[in-house]
Structures are given as C-alpha cells and as structure tokens.
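Engineer: Turn this into a model:
(2 chains)
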Amino acid sequence: MLYREAGDFKTTYAADSQTFPIAFDRWRYWAVLAVAWLVIPFVIDDYWANAILVPFLIYSIAAIGLNILTGYCGQVSLGTGGFMAVGAYSVYKLMTAFPDVSMLIHVVLAGFITAAVGAAFGLPSLRIKGFYLAVATLAAQFFLVWLFNKVPWFYNYSASGQISAPERFVGGIAVTGAGTAPAAQYLICLFFVTLCALLARNLTRGSVGRKWMAIRDMDIAAEIIGVNPLTAKLSAFAVSSFFIGIAGALFFAVYLGAVEVGEAFGIQKSFLVLFMCIIGGLGSIFGSFAGAAFLVLLPVALKVLGVDLLGWPSSTVAHLQLVAVGALIMFFLIKEPHGLAQLWRIAKEKLRLWPFPY
Amino acid sequence: MSADILYTFEVVINGLMSGVLYALVALGFVLIFKASGIFNYAQGVMALFAALTLVGIMEGQVPFAHVINATFGTDIHTFGWTVPALLGIALTLVVMIVFAWMVHTFVFRHLVGQEPIILFMATIGLAYFLEGVGDLMWGSDIKTLDVGIPQGGSLWVENISAHLGGDDFYGFFIDKLDITASIVAAILVAGLIVFAQYTKQGRAMRAVADDHQAALSVGISLNFIWVLVWSLAGMVALVAGVMWGAKSGVQFSLSLIALKALPVLMLGGFTSIPGAIVGGLIIGVGEKLFEYTVGPMVGGATENWFAYVLALIFLVFRPQGLFGERIIERV
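Structural biologist: Numbering: from 1, shown residues only, chains lettered A, B, ... in the order given. Presented below is the predicted three-dimensional model:
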C-alpha cells in the first residue's frame, strides 16, 4: 500500500535521479537518521556503546570500504586488517604530534594516509587477478603489521610496544581517552558513518562507481569501452582504503583506546570484515551495514545464550561461535550468495505488489 | 671453507627442510584446485583437525567432552585406553574420509557452477567451522603429538660435517624430524604421482581436472571423484599435521601454515604438483636466508612477511607462477 512508485510524481531531473526514488524509502531513511542522531545518544549507556553500537558503526565503515573494493570493483582483498592498522597508527602519530588540532581532522587525515598506502599496495592488481591478487594483498597485511611492531618510531618508543590514545576533544567534549562518555564515543562514530555512507552511496551511483562495476563484471570488456583500468582499480583501492583507514583510526582511538597491532589488526580482522561484506551482500551499501550488524550481534547473542542462560564455560561458547560463523557463511553462500541485501531486495519487490500480487 | 659460508649452507639446508613441509600443505591445495577448481583455504585447518583427531584417538579422549560435561554436569574426559600410533593414523584417515564425504555432500555439491570466489569464501567458512568443531571435540589446549618419529639434531650429520670447517665450525645442525619429513614427503609425492598416472581412479581424476563435462560424458562420476580428491587432500593434511604437530605441538597456530602455503602456491602456480614442491623449497630457503642475512638489520621476524612479498614481486613478472598454465582470457 505504502511502498510503491505510483502517485509519486517527479517533476525535475534532480528528483528523478535521487538516491531513494520511493517515498517510503525516503521517510525510512530520515526516520533512521533521526533515531540515530536524536534518540539513541540520550538513552545510550556504557554496555550498549561498547558491546554493540560503537563496534557496529566502526565495522560498518570498514565493511563499506571493503565492499567498494571487493563488491563494486571485484578485487578481493585480504589486507583489511593491515590497512586498519595504518589508519590507527597514523591517527596516533597525528594526535601526539599535533595535540591542538581537532580530532575530526586527524581522523580524516589518517584516512588519506591509508588511501595512499592502499593505492601503493593496489599497484600489483594491474598485473595480477583473482586469487593471486587475494594472496598478494596478504603481503600488505603481514608486512604492515610487522612494520608497526618492529619500527619503534610508529609507537613513539613506548616500552610496551602498544599505542594508547591520549585524551582529545571535539568542541570541548572528550572523544578519546579514558574519561569519554558513551554518547560522545557513539556520536563521533555516527558522524563518520553518516559521512562515509553518503559518500560511498553517491560515489557508487556516479561515473566512478560505474567504472568500478564495469571492471568487476569484465575487465577486458571494460577496457575496450574506454574504462582506464589503472585509474579505476587504483581509485577503488584508494577510496576503499580511505574508509578502512577511518575505521581503523576510530577503532583504535575511540573504541579500544589502546592497541597491540598483531592482536587488534591481525589476519582475523581481515577475514571478519570480508565476512561482513559477504553475509551482508557484495556490492551493496545496505549490505555492509547488515553484515556488520549481524557479525557484531552474533557473538553477543551467543554469549547471552550460552554463558548466561545455559551456563557453559566461555571458552566453549567461543568455539561454538566459530562453528556458528563458519556454518552460517556456508549456509548463506549455498542459499543466498548475494547476502542479506538480496533478501532485503526480494522483500521490497514483494512489498511493492502487496497486497495484490499477480 | 670458512665457517660463515658453511653456516650459510646450513641455513639453506634447513630452509629446504622447512620448505618440504610448506610443500606438503601446498600439495593438498593443488590436488583440490586441479580437480574441482576450489581454492581450499581450509587445508591448514584440515591439517590441524587431523592432528587433533590423531592425538585424541591415541589418548582415548572422549569427543565433545567439554560440551557433554557442561550440559549434563558430568566429569568425563577419557575412555581410559590408549591406541597405538599406526592404528590411530588409520582411524584418523577414516575420519578424514568421512569428513571429505560430508564436505562434498553438504556443502560443495550445492555450490557446483558458482563463481570461484564464492567457493573460496565457502572454504573460509569451512575453515572456521572445522576449527570450532576441532576445539569443541578435543579441547583447545596445546597437545604434544608423539607417533615415534625421531627428534632432535642428527649427531651423525653433525659428526660427518664437522671436519669441513675450521675450529669454529661444529658441523651442521639438522633436525632428524625434518629429515624424516622430507623422506615421507618424497614417498607421498611419488605415491600420488603413481596413483594419478597408473590407476583407473587416478586417470579419472586427471580427466575431471581437464574437463568436467567431457569427463561426465564418458561416464566418470564427478561426485565420486570429488569425494576422492577431498579424501586425498585429507590424507595429505594428516601427513602435514603429523609432521608439524610433532615439530611444534598441536595447537591453533598449526592452521596458520595454510597461510604460508599460499605464497608457495603463487610461486609454483595453482595447478602444478611439481610447482608446489619447487615453490615450497624456494620459499623455505628464501625466508631462512633472508632472516639470516637481512633479518638482524631490521629487527628480525621477517619470516612473517618475506614469503608474501617475494611471491608478490615474482608474480608481477610472471602472473601465472613458475609452472602454472598460461592464463588465456577470452572475451
């Protein structure tokens, strides 16, 4: 009844090519934004911020980033963890070197630094394709983690080899450090998520995104119709790394506060973000959110069920979680290789005809 | 000869030995990739699972003891018997074959015809699943695996080689385990080649690797061949698991050797058995030499990434690997 194009007249080109052509979608979008910005900050508490919302937001950014590279441009990357580490370490160096500059600028700058590193590691993609490329990105993952472990300059010669975020403010409110309010943590992440999602959505709708998709669908054919593979692939690597760098910076500065690189940004992180993209749906911004939400909520749900309700030891539940994640991935790939986003699309198609399907 | 050169020589030999172990894991990858086009990330976890199962069977552990104890409040851990190594290996092999059948029937049969990347993701899922199951079944503590393989430095090699250098050279240090592993690997590869070349099933396997449809049309059962290939990969995983497990204990890090096998594959090419072996040796020697020569200058632990960077640089010049089939793209 509500969800259809009929009766929603477009009178300008701008209205015709807007992101959400259906009125109900627009309302839903504004409603989600309103709840996220105006309701949640006032009711959020420490547990919700640290266990669910902040990791969800940060992983969403990372998943959007990887989705641009893997879902839209078709280049599989297993170096996400390494690139997140670049974001984290650049924001750390920036924070300690320029304490008076706003945190927001630092995070964006960290994104740009990661973009440069990502583009450099994307260079082999011009020669190498498919699995060979996926394995080649592992070189980035292991090399970067090793680099941050071994070169003391990156962690300011601290004795433990860890980096920990000093207290920094945005508009007089602490957003990093020990005394940060949950709402402040949440809001700064939300700010970047909103920006990144907007940017990603519009990039993928525009000519850049179309070039990426042409490369993904068939690179040789794309080259023949005039897509420059060099700029298309490298821009995908750069933009993707930009998002991943922001995610890494927030993950370190806002969420964890102190980080040991091998532990926080190891190969497991690369796989985790990749799974988010797959479960959510490759080539979909909504899918990145859905996948991130799913994989953030799953361990929490399993822990509540296993440890709190059934009283199992937490190590058993952790193993069970591996089994569940693995089984779910296989299940999803068999039943719906296009992920949660595809279920959502099917639901929308059905909704359009409801209540009178032919 | 001066001691420096001899020690470099020792590093090379040890590199070759560890390269053999990488090659063992890479071999499992190549088998499955050739026959079914599946890039099996779970190979390393299969090695871990096989080693865990072997230890569990030999020590008579009760499978899923932790879960059973947690659910029913019981306190059982072992059956109270031990199983000799050979019988244990045979039983583990049976487990791996059952596992191969299950993997094929429940997962990959439903994914036939999907894009390679989807299949790859599915094997990552499989790796997680199997790792969780392994931990649930046998517990996640570090276990020692003793199937009677000799260990420790070989005195014989040390004594023979000691007189090669001057006073400051004490002979080569080579682990007996590595020597055994090399011999076992050689036997395994020879066995696989004989199997593939001279038996009926081996021929069918190669036919499937060449062309699925053509193989199907001359009456070869794809299902059977795929189960067979997964079983063979399970067997290779068992051998690799036993060797690595005896070397460094059966623990989670065993599954990470799969990651080390990836650059080996890239060097050797995904479709070539000799490539897997040569690639393994190159990586093994390369990373040991690099760690020995350059490592101390940059803070060590270069083994973590050297193999990948080497493979990456190599691939830029030869994208299909050393022995891989030429990549021909059709539009």
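
Engineer: Poorly predicted segments of the stretch 1-150 of chain B, please.
Structural biologist: The stretch 1-150 of chain B contains residues with pLDDT under 70 at B:1.

Engineer: just the helices in it please.
Structural biologist: Along the stretch 1-150 of chain B, the stretches classed as helices by DSSP state H, counting those that start in this stretch are B:3-36, B:43-59, B:65-72, B:85-102, B:116-138.

Engineer: closest to B:Phe314 out of these?
Structural biologist: B:Phe314 lies closest to helix B:3-36 among the helices of the stretch 1-150 of chain B, at 14.9 Å (C-beta to C-beta). Yep, even glycine has a C-beta here, placed from its N, CA and C like the rest.

Engineer: Just list what that closest one packs against, helices and strands only.
Structural biologist: helix B:43-59, helix B:176-198, helix B:200-210, helix B:222-248, helix B:257-268, helix B:273-293 (3 or more C-beta pairs under 8 Å, 6 or more residues apart in numbering or on different chains; DSSP states H and E).

Engineer: Chain A contacts on the stretch 51-200 of chain B?
Structural biologist: B:66-67, B:70-71, B:107, B:110-111, B:114, B:116-118, B:120-122, B:124-133, B:135-136, B:140 (C-beta under 8 Å from any C-beta of the partner chain).

Engineer: List the contacts of residue 124.
Structural biologist: If you meant another chain, say so; for now it's chain A. A:Pro124 is in contact with A:133, A:136, B:312, B:315-316, counting by C-beta atoms under 8 Å, 6 or more residues apart in numbering or on different chains.

Engineer: wrong chain, I was asking about chain B
Structural biologist: A:271, A:274-275, A:329, B:41-42.

Engineer: Ranking by neighbours, what's the top pick from those residues?
Structural biologist: Most neighbours among those, by other C-beta atoms under 10 Å in any protein chain shown: B:Ala42, with 29 neighbours.

Engineer: Settle this for me: that one is touching B:Ala127, isn't it.
Structural biologist: Yes: under the criterion of C-beta atoms under 8 Å, B:Ala42 makes contact with B:Ala127 at 4.0 Å.

Engineer: joint contacts of the two?
Structural biologist: Counting by C-beta under 8 Å, 6+ apart, the contacts common to B:Ala42 and B:Ala127 are B:Ala258.

Engineer: Apart from its chain neighbours, what residue comes closest to residue 56?
Structural biologist: Chain wasn't specified; assuming chain A. A:Val296 (4.6 Å; C-beta to C-beta, 6 or more residues apart in numbering or on different chains).

Engineer: that's the wrong chain, I meant chain B
Structural biologist: B:Trp138 (4.3 Å).

Engineer: now B:Ala276
Structural biologist: B:Ala26 (3.9 Å).

Engineer: which among the contacts of B:Ile124 gets closest to A:Trp146?
Structural biologist: A:Phe271 (18.5 Å).

Engineer: Can you tell me the SS state at that closest one?
Structural biologist: Under DSSP: H, G, I helix; E, B strand; the rest coil, the three-state class of A:Phe271 is helix.

Engineer: Would you confirm that it contacts A:Gly79?
Structural biologist: No: assessed by C-beta under 8 Å, A:Phe271 is found out of contact with A:Gly79, at 11.2 Å.

Engineer: Between the two, which contacts overlap?
Structural biologist: Common neighbours of A:Phe271 and A:Gly79 (C-beta under 8 Å, 6+ apart) do not exist.

Engineer: In space, not sequence, find me the middle residue of chain A.
Structural biologist: A:Ala62 (2.2 Å; C-alpha atoms, centre = their mean).

Engineer: for it, what are its contacts?
Structural biologist: Residues in contact with A:Ala62, defined by C-beta under 8 Å, 6+ apart, are A:80, A:84, A:243-244, A:247-248, A:251, A:273, A:276, A:292.

Engineer: For these, give me TSV that also has neighbour count.
Structural biologist: What follows is the contacts of A:Ala62, written out as TSV (neighbours: other C-beta atoms under 10 Å in any protein chain shown):
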residue	neighbour count
A:Thr80	33
A:Met84	33
A:Phe243	31
A:Ile244	35
A:Ala247	34
A:Gly248	35
A:Phe251	27
A:Val273	31
A:Met276	28
A:Ala292	28
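
Engineer: Many thanks, have a good one.
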